[in-house]
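Participant: No letters, just coordinates:
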């Protein structure tokens, strides 16, 4: 089970924990790429969070 599968299964149960997992994945990718694709990784994270139902708007607040 991949990290996205875990986040998807948890999205309805514990959004805060899912967000923490998403942030950890983003940090890991940025670390491994040396931050070279930081903007693209951030955009992908926002899209994934939105599709999984726990998206955040600008400033890290939850979207309504």
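Facilitator: Looks like it came in fine. The structure presented is a predicted model; accordingly, all values stated were derived computationally and were not measured. Residues are numbered from 1 along each chain as shown.

Participant: which is the next helix or strand following the worst-scoring helix or strand of the chain on mean pLDDT?
Facilitator: Lowest mean confidence among the helices and strands of the chain (mean pLDDT, DSSP states H and E): helix 3-11, at a mean of 69. Next along the chain after helix 3-11, taking DSSP states H and E as the criterion, comes helix 15-32.

Participant: Just the buried residues of that next one, please?
Facilitator: In terms of neighbour count (16 or more other Cβ atoms under 10 Å), helix 15-32 has its buried residues at 15, 18, 19, 21, 22, 25, 26, 29. C-beta here means a position set from N, CA and C on the backbone, and glycine is covered the same way.

Participant: Present the residues you listed as a markdown table; the columns should include pLDDT and distance to residue 51.
Facilitator: Below are the buried residues of helix 15-32 laid out as a markdown table (pLDDT from 0 to 100; distance: Cβ to Cβ, whole Å):
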| residue | pLDDT | distance to residue 51 |
| --- | --- | --- |
| 15 | 79 | 14 |
| 18 | 79 | 12 |
| 19 | 85 | 14 |
| 21 | 84 | 15 |
| 22 | 85 | 12 |
| 25 | 89 | 14 |
| 26 | 93 | 15 |
| 29 | 95 | 17 |
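
Participant: Of those, which is the nearest to residue 2?
Facilitator: Distance to residue 2 across the buried residues of helix 15-32 (Cβ to Cβ) is lowest for residue 25, with 9.9 Å.

Participant: quick one: the closest one from residue 14, how far?
Facilitator: In this view, residue 25 and residue 14 are 16 Å apart by Cβ to Cβ, to the nearest Å.

Participant: Repeat that for residue 36.
Facilitator: 32 Å.

Participant: Give me the below-cutoff pLDDT ranges for this protein.
Facilitator: The model of the chain has pLDDT under 70 over residues 1, 3-4, 7, 10-12, 57-64.

Participant: For the residue nearest to the spatial centre of the chain, which residues are in contact?
Facilitator: By Cα atoms, centre = their mean, the chain has its centre lying nearest to residue 22, at 3.1 Å. Shown in contact with residue 22 (Cβ atoms under 8 Å, 6 or more residues apart in numbering): 7, 45, 48, 49, 54.
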